[in-house]
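Q: pasting a predicted model and its sequence here:
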Amino acid sequence: MRVLLVAYGSRGDVEPMLGLGAALRDLDTEVRVCAPPDFAELLDGAGLSLVPLGPSLREMATEAVNGTAQPPAESMSERAARMVSATYASVAAAAEGCDAVVATGLLPAAAAARSVAEEWGIPYRFVAYFPSYLPSPHHPPLAWPGRPIPPDVTDNRVLWEQNAQHLDELFGEAVNTHRATVGLPPVADVRGHVLTDRPWLAADPVLSPWPRSADLEVLQTGAWIRPDRRPLPADLKAFLDSGEPPVYVGFGSMPLRDAQGVARAAVEAVRVQGHRILLSRGWADLTWTDADGDCFPVGEVNHQALFGRVAAVVHHGGAGTTTTAARAGTPQVVVPRMADQPYWAGRVAELGIGAAHEGPEPTADSLSAALGKALTPDTRSRARELAAAIRTDGATVAAKLLRDAVGPS
């Protein structure tokens with residue numbers, strides 16, 4: 001069996017696919033991955049080859065945050081059309097000989113992946129990593145840039161109907177124009193077409209349960225966790241061994257406009273709480289240098305090995321980081337900025353395994369206050385208790401479902 005995994009998005013979109021890829025290989029399945037070129041080294045470390053999709057997301061995200069991006073010379077619909085066409089070309093080339101396609105990430109890219117699966121006549125599955133990406137009367141849709149959720153509309157079903165109309169306005173023409181060029185019929189509902197009538201939810205059912213609803217049948221597999229057996233670097237291990245557990249601070253693949261200011265606020269906040277600091281560079285290139293010797297810089301490192309050795313994890317609220325910290329039984333502080341991050345911040349606070357920072361711009365005082373909540377004995381006890389309930393077999397569940405969908409090879 002051969003499976004193509006398509007993830008057009010940040011590391012949070014790509015990393016879970018590596019977990020699924022590892023589980024598929026355990027079932028003697030060949031795996032191909034289409035993802036942005038930023039993740040070539042990540043995939044190479046996981047033993048997977050990359051078929052690159054589009055330009056560097058890190059460069060685009062950094063330019064957008066810093067305000068240096070050039071104004072687009074084309075409309076959103078024109079950009080969507082270009083994304084659909086480019087993604088289709090890459091995915092179609094990679095899909096030759098494949099038996100199934102699994103996609104996530106930006107909607108136009110996933111639409112192109114589904115078109116390829118239709119052409120080849122092979123199963124297609126869409127996966128979300130958090131419940132509020134999927135329509136439900138129990139939660140509103142994510143707000144899109146330029147299209148905030150109307151404050152006077154409180155019925156979630158109405159909001160999801162508006163969301164579907166908005167996505168059709170943005171992407172419907174691009175998707176259907178391209179489908180016509182490859183001989184496929186038009187679709188009337190782009191969102192429903194991409195998600196399908198039974199999308200997968202790769203999130204832990206304790207940490208992130210799907211609210212049961214007759215509106216959409218969702219198959220929740222559990223989180224897709226990549227087995228990471230890398231040892232910690234010797235210098236990091238020596239720092240950990242030399243004193244009390246530090247606090248980890250990192251914002252993953254999130255560029256920051258004032259990275260130096262955020263680093264200063266983080267270092268000051270952690271020091272106020274009486275802890276040493278691990279400062280992860282990430283896409284923001286966080287750095288801090290002074291003579292105190294209590295702040296250690298961290299690059300690409302095995303979070304599964306690290307998070308069990310820290311006092312708390314301060315992060316942006318990506319699904320993978322939240323789940324890894326929860327598995328480690330380590331209290332968290334989530335500083336959300338966009339997309340699913342407010343959702344994860346809310347879940348961490350509701351479950352009592354950490355604190356949600358109010359707003360995306362931490363100061364030393366605001367971060368210290370959130371850390372004070374996360375570092376209490378009750379929070380640590382609750383985090384350890386919940387860790388024991390988190391499933392680790394989600395990727396295996398999904399891999400077996402794919403095998404069953406494809407049938408005997």
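A: Sure thing, it's come through. Source: prediction; values computed, not measured. Numbers count the residues shown, from 1 in each chain.

Q: the bottom helix or strand of the protein by mean pLDDT?
A: Counting by mean pLDDT, DSSP states H and E, the chain has its least confident helix or strand at helix 57-66, which shows a mean of 68.

Q: which stretches of the chain have low pLDDT?
A: The model of the chain has pLDDT under 70 over residues 60-76, 144-146, 213-214, 255, 291, 408-409.

Q: quick check: domain ranges of it?
A: 2-225+392-406, 234-387 (automatic domain parsing).

Q: using CSV, lay out those domains together with mean neighbour count.
A: Where C-beta positions appear, they are placed from N, C-alpha and C, glycine not excepted. Formatted as CSV, these follow (neighbours: other Cβ atoms under 10 Å):
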stretch, mean neighbour count
domain 2-225+392-406, 19
domain 234-387, 20
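
Q: please, where are all the helices along the stretch 201-350 of the chain?
A: Counting by DSSP state H, counting those that start in this stretch, the stretch 201-350 of the chain has helices at residues 234-241, 259-272, 303-306, 319-328, 341-351.

Q: got the contact list for the third one?
A: So that's helix 303-306. 228, 230-232, 236, 248, 278, 298, 321, 324-325, 327-328 (Cβ atoms under 8 Å, 6 or more residues apart in numbering).

Q: just the CA atoms of that helix, as PDB, please.
A: Extracted in PDB, the C-alpha atoms of helix 303-306 (Å, rounded to 0.1, in the frame of the first residue of the first chain):
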ATOM      1  CA  HIS A 303       9.800  17.900  23.200                       C
ATOM      2  CA  GLN A 304       8.700  14.500  24.300                       C
ATOM      3  CA  ALA A 305      12.000  14.000  26.200                       C
ATOM      4  CA  LEU A 306      12.200  17.600  27.400                       C
END
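
Q: got the phi and psi for E358?
A: Note on E358: its backbone torsions stand at phi -80, psi 110 [degrees, to the nearest 10].

Q: typed the wrong thing, it's P52
A: Dihedral angles for P52 - degrees, to the nearest 10 - are phi -70, psi 140.

Q: that older thread, of the helices of the stretch 201-350 of the chain, which is nearest Q165?
A: When the helices of the stretch 201-350 of the chain are compared by Cβ to Cβ, helix 341-351 sits nearest Q165, at 22.7 Å.

Q: residues in contact with the closest one?
A: Contacts for helix 341-351 (Cβ under 8 Å, 6+ apart): 130-132, 207-208, 316-319, 322, 332, 334-336, 354-357, 382, 386.

Q: tell me the helix or strand right after that helix.
A: strand 354-356 (DSSP states H and E).

Q: who touches that next one?
A: 312-313, 325, 331-334, 336, 345-346, 348-349, 370-371, 373-374, 379, 383.

Q: repeat that for stretch 25-32.
A: By Cβ under 8 Å, 6+ apart, stretch 25-32 touches 1-5, 21, 24, 47-49, 51, 94, 98, 396, 399-400, 402-403.

Q: please flag which of these sit within strands.
A: R2, V3, L4, L5, V51 (DSSP state E).
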